[in-house]
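# My questions concern the predicted model and sequence given below.
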Amino acid sequence: MNQVTPIAPPKNRVRIYIERFIFLLRNFLAGLRTRRVPVMLQMSNVECGAAALAMILNYHGYKVSVSDCMRQTSIGRDGLSASSIAKAGRQYGLAVKAFAIENIKDFQYVALPAIVHWEFDHFVIVEKWQFNKITLIDPAIGRVEIDHATFGKKFTGIVLTLQPGAAFHARQQQEPSMFRKYVSAMLKMPGVTTAISQVLLASICVQLVGITFPFITQIVVDRVLPYRLSNTFTILGIGLIFLIITFTVISYLRSTLLIYLRGKLDMHLMMSFLGHMLRLPASFFEQRSTGDLVMRLGSNAHIRNALSEQAVSAIFDGSLTIGYLTFITWRDPFLGMTSAVLGALHVLVVWSNTKRLEKMARQNLQTNAEEQGYLVEILSGVKTVKAIGAEQAVFEHWTNLFNKYLNVTLNMMQLSARLNTVVTTLNITAPLLLLWIGAQRVLSGNLSLGEMLALNAIALAFLRPLTALVRNAQELKIAGTHLERIRDVLDTELEQHGAAHKELPKLNGHIQFDAVSFRYSDDSPLVLQDISFEIRPKQKIAIVGHTGSGKTTLAMLMLGLYEPASGTILYDGQSAQQFDYSQLREQFGVVLQDSFLFDMSIRQNVALGNPDMPLEQVIHACKLAVIHDDIMRMPLGYETRVGENGESVSGGQKQRISLARALVHNPKLLLLDEATSHLDQATERVIDDNLNQLSSTRIVIAHRLSTVINADHILVMHQGKLVEQGTHQTLLEKNQYYAALIRYEKKHDLTKNRLEAVSNTA
């Protein structure tokens, strides 16, 4: 990042007064300025830099989403640095200056809005600087005001100013809104358009039936009662019964159609959302917590309600309000004007609070995601929490997160309560006012009693859908906060996108790495550098090295879970990028360090992905993994449930079940990352002998070098580089990295054996 010497405070007293006057004038003009930085919130902890850049760009007239900025900045698992933001800003045509400020008083000379580094792991925007307060936009929570003392404690000194440069061009055109995309996709679903049409038709019928009641009232009051027309009254009574039955039947049909529509939307939204999410790259999941993603799945239910109820109702209610008001005004302009004024009051009260409710809804989702995410972590690691006696500390941290969520929720409920109180008061006042005005119109001879009662009922019928219309519009706005979270997922590019990929043939197990390098983002350092090697079919390849040397990252590249920054990976002489990665992984048998077992039976876990697999095939794989005897000693055998992530079995049993799952399909390629680290050496040797009988290419990552000395080829990793490769004997003769690892392990084993001997003697 460019370092610029901070502006030195002036020493000349006259100059000080002039600059203070200019500063006061600038603040005064800034207070008059209506243009504000648009708030755009981050969707994960690593997106603050991208969100801050997106807000600055939108402020200067370049319409862009946070997702677009994330793609432009190539955000990694650790987020963005200040230099990455500066680089991306210049690519958009902004003139970027990056400098350090030691004394926050000098901030008054900085061109705003500016991005600042915050608490050493975050970026915020300084929107307005005043003598008594500072206005910030925090991508995590939105616009806030703080005092100078708080700013001084959290500001790290790094400032980025981003102003339009010579190459900058405003872009007013935006992509179609996510809501529009959702509606378009919804209407293309089979049966949905028909269902919506039927719901609207049923709603119209319900309202048509309902609107006849005021006119029947008018007939009864103006014609039947004054002239005592008992026969007519009887006919009207029969007609009313028929209308009530019709109303009931149509209302039931409408409810049934709505249930069908919700079901269709739920199926489409959830299946398309989860299907899309499962095709996203591994880096997406590394940047987001499990609880946060579960919350986003739940957001689909809010979108479904918005589309199936609020959107459909808004269309219908809008038509009703126009029709009712037109009819009332035609029959009595004064009563129509009164109804319009009451309706405007309803709209004003509800709509004036929409932005506050929307902001609170966004904060509610954010704090709930944080609280739920941490709760998932607690429950997933409860054994560790209890083992280290951290229950109280964990509980206190969760309590803080829950209190944040609860405070936001209560504030939202209080605002809704105040709003509902005003609306309820208006709902009580409106009928009385309309009745009073109607009575005045009757007394003045402008309306008959029956007409007044009918118009009064229609006026109330006008206010109900109008209030519902505004409420639905408000709910749709709040649903936008859920759409923002869903959009973050749907806008993320798939693991493989673009041209269609070739069908992957049956592999022989020949793998080549040609000058492969890897980094987590464009501006992060290389994790793997210039890796080249070749694995021939049916070979046993070992990858060894100190912790953090890049062994597991190498395995992720082999599986296509990471994309190389440069170089080529070949399978049977063809580039891996030509093929569908999911088809590639299907030909692998994989045991990762953190292999997951589902809360199902052992049989279901081993046969994962093929529920119809014969038990004999499962048993054969378990015998190869030396877990069959353990399973048979369990009361339910292969139907024994292992608990979430194998909580009900030991670490060694979990590893062997995972190994059986990798072997059950008889794969041509086996990738084992510390697959036997929890096993004793005797069991490990039996498994190794069993695997030697297979005709698979085997890639073994191990810390325990005694398990790989019989490998056909050994790759030695050190600080992201392939420093040595060869057989066990040739590497020993070189007497370099591998030989040093062997000497260290022998020394460690000797010390361990001596301790065991002393222990046995005692």
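Noted; the coordinates are in hand. Nothing here was measured: the structure is a model prediction, and the numbers come from that model. Residues are numbered from 1 along each chain as shown.

# residue boundaries of the helices in the stretch 451-600 of the chain?
Taking DSSP state H, counting those that start in this stretch as the criterion, the stretch 451-600 of the chain carries its helices at 551-558, 581-586.

# so for the last one, what's the average pLDDT?
Read that as helix 581-586. Average pLDDT, helix 581-586: 86.

# before we move on, what about stretch 115-124?
For stretch 115-124, mean pLDDT is 91.

# likewise stretch 640-650?
87.

# Any buried residues in it, and which?
By neighbour count on 16 or more other CB atoms under 10 Å, the buried set for stretch 640-650 is T640, R641, V642, G646, V649. The C-beta positions use only the backbone N, C-alpha and C, and glycine is treated the same way.

# sorry, back to before: among the helices of the stretch 451-600 of the chain, show me which one is buried the most.
Among the helices of the stretch 451-600 of the chain, helix 551-558 has the highest mean neighbour count (mean count of other CB atoms under 10 Å), at a mean of 21.

# closest one to V221 among the helices of the stretch 451-600 of the chain?
Among the helices of the stretch 451-600 of the chain, helix 581-586 comes nearest to V221, with 72.7 Å by CB to CB.

# Can you tell me what sits against the closest one?
Contacting residues not belonging to helix 581-586 are listed as E495, Q496, E503, L504, L559, G560, L561, Y571, A576 [CB atoms under 8 Å, 6 or more residues apart in numbering].

# So what's the gap between that helix and the chain middle?
Remark: helix 581-586 is offset 25 Å from the chain centroid, using CA atoms, centre = their mean, to the nearest Å.

# farthest-separated two in the contacts of helix 581-586?
E503 and L561 (20.9 Å).

# So for these two, which sits in the more crowded spot?
L561 (16 against 8; other CB atoms under 10 Å).

# quick one, phi/psi of the more buried one?
phi -80, psi -30 (degrees, to the nearest 10).

# Could you check the pLDDT of it?
At L561, the model reports a pLDDT of 89.

# you'd agree it is up against A282?
Yes: counting by CB atoms under 8 Å, L561 touches A282, with 4.4 Å between them.

# Any chance you could list what contacts the longest strand seen in the chain?
Using DSSP state E to define each element, the chain has its longest strand at strand 155-164. Identification of contacts with strand 155-164 by CB under 8 Å, 6+ apart yields 1, 53, 56, 60, 82, 85-86, 89, 93-102, 104, 107, 110-111, 114-120.

# in that strand, what's buried?
Under the neighbour-count criterion of 16+ other CB under 10 Å, strand 155-164 has F155, I158, V159, L160, T161, L162, P164 buried.

# do the same with stretch 85-99
So, applying 16+ other CB under 10 Å, buried residues of stretch 85-99: I85, A86, K87, A88, G89, Y92, G93, L94, V96, K97, A98, F99.

# Also stretch 683-692?
For stretch 683-692, burial by neighbour count (16+ other CB under 10 Å) applies to T683, E684, I687, D688, L691.

# Could you identify the helix or strand that succeeds the helix or strand harbouring the fourth one?
If you go by DSSP states H and E, D688 is part of helix 681-692. Next along the chain after helix 681-692, taking DSSP H and E as the criterion, comes strand 697-701.

# Hey, what's the angle from whatever helix or strand comes next after that following strand to helix 551-558? Just curious.
Later in the chain than strand 697-701, the nearest helix or strand by DSSP H and E is strand 713-718. Interaxial angle, strand 713-718 versus helix 551-558 (axes from the mean of the first three to the mean of the last three CA atoms, to 10 degrees): 120 degrees.

# which one of the contacts of helix 581-586 sits closest to L715?
Taking CB to CB as the measure, L715 lies nearest L559 of those, at 16.3 Å.

# how far away is the closest one from L261?
41 Å (CB to CB, to the nearest Å).

# More neighbours: those two, which one.
L261 (24 against 17).

# per-residue confidence for that one?
Predicted confidence (pLDDT) for L261: 79.

# next one: H497
You'll see H497 listed with a pLDDT of 64.

# and the longest helix for the protein?
Using DSSP state H to define each element, the chain has its longest helix at helix 391-443.

# Under the pLDDT cut-off, which ranges of the stretch 501-650 of the chain? List them.
By pLDDT under 70, the low-scoring segments of the stretch 501-650 of the chain are 501.

# Show me where it has its strands.
Residue ranges of the strands in the stretch 501-650 of the chain, as given by DSSP state E, counting those that start in this stretch, are 511-518, 528-535, 540-545, 566-571, 574-575, 588-591.

# Kindly state which of those strands is positioned closest to R304.
Judged by CB to CB, the one of these that comes nearest to R304 is strand 588-591, at 36.1 Å.

# Give the pairing partners of that closest one; include direction for each.
Paired with strand 588-591 in the same sheet, following DSSP bridges, are strand 669-673 (parallel).

# And what about L722, helix, strand or coil?
What DSSP: H, G, I helix; E, B strand; the rest coil gives for L722 is strand.

# Now for it, how many residues are close by?
Look at L722: counted by other CB under 10 Å, it has 22 neighbours.

# That one touches E534, doesn't it?
No: contact criterion CB under 8 Å: L722 and E534 do not qualify, at 11.8 Å.

# Give me the mean pLDDT for stretch 403-415.
For stretch 403-415, mean pLDDT is 90.

# Just the CA atoms of that stretch, as PDB, please.
These are the backbone C-alpha positions of stretch 403-415, laid out as PDB (Å, rounded to 0.1, in the frame of the first residue of the first chain):
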ATOM      1  CA  ASN A 403     -28.800 -10.100  24.000                       C
ATOM      2  CA  LYS A 404     -27.800  -8.100  20.900                       C
ATOM      3  CA  TYR A 405     -30.300 -10.100  18.900                       C
ATOM      4  CA  LEU A 406     -33.000  -9.700  21.600                       C
ATOM      5  CA  ASN A 407     -32.500  -6.000  21.900                       C
ATOM      6  CA  VAL A 408     -32.900  -5.500  18.100                       C
ATOM      7  CA  THR A 409     -35.900  -7.700  18.200                       C
ATOM      8  CA  LEU A 410     -37.500  -5.900  21.100                       C
ATOM      9  CA  ASN A 411     -36.800  -2.500  19.500                       C
ATOM     10  CA  MET A 412     -38.500  -3.800  16.300                       C
ATOM     11  CA  MET A 413     -41.500  -5.100  18.300                       C
ATOM     12  CA  GLN A 414     -41.800  -1.700  20.100                       C
ATOM     13  CA  LEU A 415     -41.800   0.200  16.800                       C
END
